[in-house]
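Trainee: Based on what follows, work out the 3D shape:
(one chain, ligands or ions: 1)
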Amino acid sequence: MATFAYATAIAAFLILLPLSCYSESILDHHHGDRSSSVPQSDVDLLEFPLNLEYLEAEFFLYGAFGHGLDTVDPSLTLGGPTPIGAQRAQLDHFTRDVIEQFGWQEVGHLRAIKKTVKGFPRPLLNLSAESFAHVFDSAFGSPLNPPFDPYANSINYLLASYLIPYVGLTGYVGASPKLQGATSKRLVAGLLGVESGQDAVIRALLYEHANLIVKPYGITVAEFTNRLSDLRNKLGRTGLKDEGLVVHEYIGAEGKISGNILAGDKYSVAYDRTPEEILRIVYGSGDERVTGGIYPKGADGRIAKSYLKKE
Ligand SMILES: *[C@@H]1O[C@H](CO)[C@@H](O)[C@H](O)[C@H]1NC(C)=O
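Mentor: Down below sits the predicted model:
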């Protein structure tokens, strides 16, 4: 009986094998012919988030492993410059495990977008500790002493990560109603799902320690997140679209609760952001025409480029 089942399984495998190879090659052919399934109007909207996916991939890969796309898969960079100042973070075992997974997920996201649209090379990314310290100083309105180091320990790294997938998440929500093609909509929904998941994991890990005092600053984890969210709201210049982990009750779900493990509007629906708002935030300038912050030379793609003065 067991032998029969085994033989049947093998036979089924042998019959299905050529079929699965066949369907794979149809898929590859389909994706090889990129433009056919993606309307031109969608291309810019799908290319813009590559800027953020490059950032996420490099921040998480370096944080976990101490190396990034240049080691993992140089072909994904299309020759774009190596990030400035990215480091392996001092993480506990559990946090490193999570961040390794995020790193590989971001590599997948880069592949998914590049299978669909042509894309562009990795932009110059300033992932130095100083670059993050500058964001944190802006969030508090005065320099933290010593300067905040995102790579120093797990809590610092998670606080820096709090800045990373959420911007992409709001961008995908913002892009979704503008997309025309089914392939584009499917891709953005899929990317949004996993970005939200990463954001939720980061927020949950921080929420568990919301009252922890971050050394040596004497400031709680919750206060850090509130300040960072306020900064993004200010830079985005479109009101409340970003919320820390502990908020006034009227901002929490149904206006009923101050714990705020996930950000959302008054219906607990995710906020959206336009590419312009995102550029204001990631440039740290509050202006989509003034580059800086994590992108010293600006973001790439037609949308971001349209705001940069010709040299
Ligand atoms: C990276 O950011 C830091 C802090 O803002 C800055 O001092 C440094 O010059 C930046 N590097 C580049 C190449 O822009």
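Trainee: for this structure, what are the low-confidence residue spans?
Mentor: 1-36, 310-311 (pLDDT under 70).
Trainee: Alongside the ligand, which residues does it contribute?
Mentor: 84, 126, 128, 130-131, 134, 296 (C-beta under 6 Å from any ligand atom). Where you see a C-beta, it was placed from the backbone N, CA and C, and this is true even at glycine.
Trainee: now the helices: where do they sit in the stretch 201-311 of the chain?
Mentor: Assigned by DSSP state H, counting those that start in this stretch, the stretch 201-311 of the chain shows helices spanning 221-236, 275-282, 302-305.
Trainee: Closest to the mean position in the protein, which residue would that be?
Mentor: Pro165 (3.1 Å; C-alpha atoms, centre = their mean).
Trainee: thought that one was touching Asp199?
Mentor: Yes. Pro165 lies in contact with Asp199 (C-beta atoms under 8 Å); the separation is 4.5 Å.
Trainee: Check the burial of Ala152 by counting its neighbours.
Mentor: Ala152 sits with 16 neighbouring residues when counted by other C-beta atoms under 10 Å.
Trainee: Give the buried residues for stretch 62-74.
Mentor: Burial within stretch 62-74, assessed by neighbour count using 16 or more other C-beta atoms under 10 Å, is assigned to 62-65, 68-70, 72.
Trainee: Return the member of those residues nearest to the ligand.
Mentor: Tyr62 (14.7 Å; C-beta to the nearest ligand atom).
Trainee: Please give me every residue in contact with that closest one.
Mentor: Shown in contact with Tyr62 (C-beta atoms under 8 Å, 6 or more residues apart in numbering): 68, 83, 86-89, 127.
Trainee: Helix or strand: which one has it?
Mentor: helix 50-65 (DSSP states H and E).
Trainee: Include distance to Leu245 and mean neighbour count when you put the helices of the stretch 201-311 of the chain into a markdown table, please.
Mentor: As requested, these are exported to a markdown table (distance: least, C-beta to C-beta, whole Å; neighbours: other C-beta atoms under 10 Å):
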| stretch | distance to Leu245 | mean neighbour count |
| --- | --- | --- |
| helix 221-236 | 5 | 21 |
| helix 275-282 | 19 | 25 |
| helix 302-305 | 30 | 17 |
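Trainee: ok so, going back, from the middle of its chain, how far away would the helix holding Tyr62 be?
Mentor: Offset of helix 50-65 from its chain centre (C-alpha atoms, centre = their mean, to the nearest Å): 8 Å.
Trainee: cool, stretch 280-294 as well?
Mentor: 17 Å.
Trainee: ok, residues contacting that stretch?
Mentor: By C-beta under 8 Å, 6+ apart, stretch 280-294 touches 51-52, 55, 125-127, 131, 134-135, 138, 167, 232, 234-237, 273, 275-276, 279, 295, 297-299, 304, 307-309.
Trainee: Can I have the buried ones of these as a ChimeraX selection?
Mentor: Selection of buried members from the contacts of stretch 280-294 for ChimeraX, criterion 16+ other C-beta under 10 Å:
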select :51,52,55,125,126,127,131,134,135,138,167,232,235,236,273,275,276,279,295,298,299,304,307,308
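Trainee: one step back: among the residues of the chain next to the ligand, which lie within strands?
Mentor: Of the residues of the chain next to the ligand, none are assigned to strands by DSSP state E.
Trainee: Farthest-apart pair in those, please.
Mentor: Greatest spatial distance in the residues of the chain next to the ligand: Ile84 and His134, 12.9 Å, computed using C-beta to C-beta.
Trainee: Skipping adjacent residues, who's closest to Leu46 in space?
Mentor: Val117 (4.8 Å; C-beta to C-beta, 6 or more residues apart in numbering).
Trainee: The one you found: neighbouring residues, count only.
Mentor: For Val117, using other C-beta under 10 Å, the count is 20.
Trainee: same deal with Gly108?
Mentor: Counted with other C-beta under 10 Å, Gly108 comes out at 13.
Trainee: same question, Glu130
Mentor: 12.
Trainee: Run a quick check on it versus Gly85, I expect a contact.
Mentor: Yes. Under the criterion of C-beta under 8 Å, Glu130 makes contact with Gly85 at 7.1 Å.
Trainee: what distance separates the start and the end of stretch 245-254?
Mentor: 16 Å (C-alpha to C-alpha, to the nearest Å).
Trainee: buried stuff in that stretch?
Mentor: By neighbour count with 16+ other C-beta under 10 Å, stretch 245-254 contains the buried residues 245-247, 251-252.
Trainee: Looking at those residues, spot the one nearest the ligand.
Mentor: Using C-beta to the nearest ligand atom, the buried residues of stretch 245-254 come closest to the ligand at Leu245, 26.0 Å.
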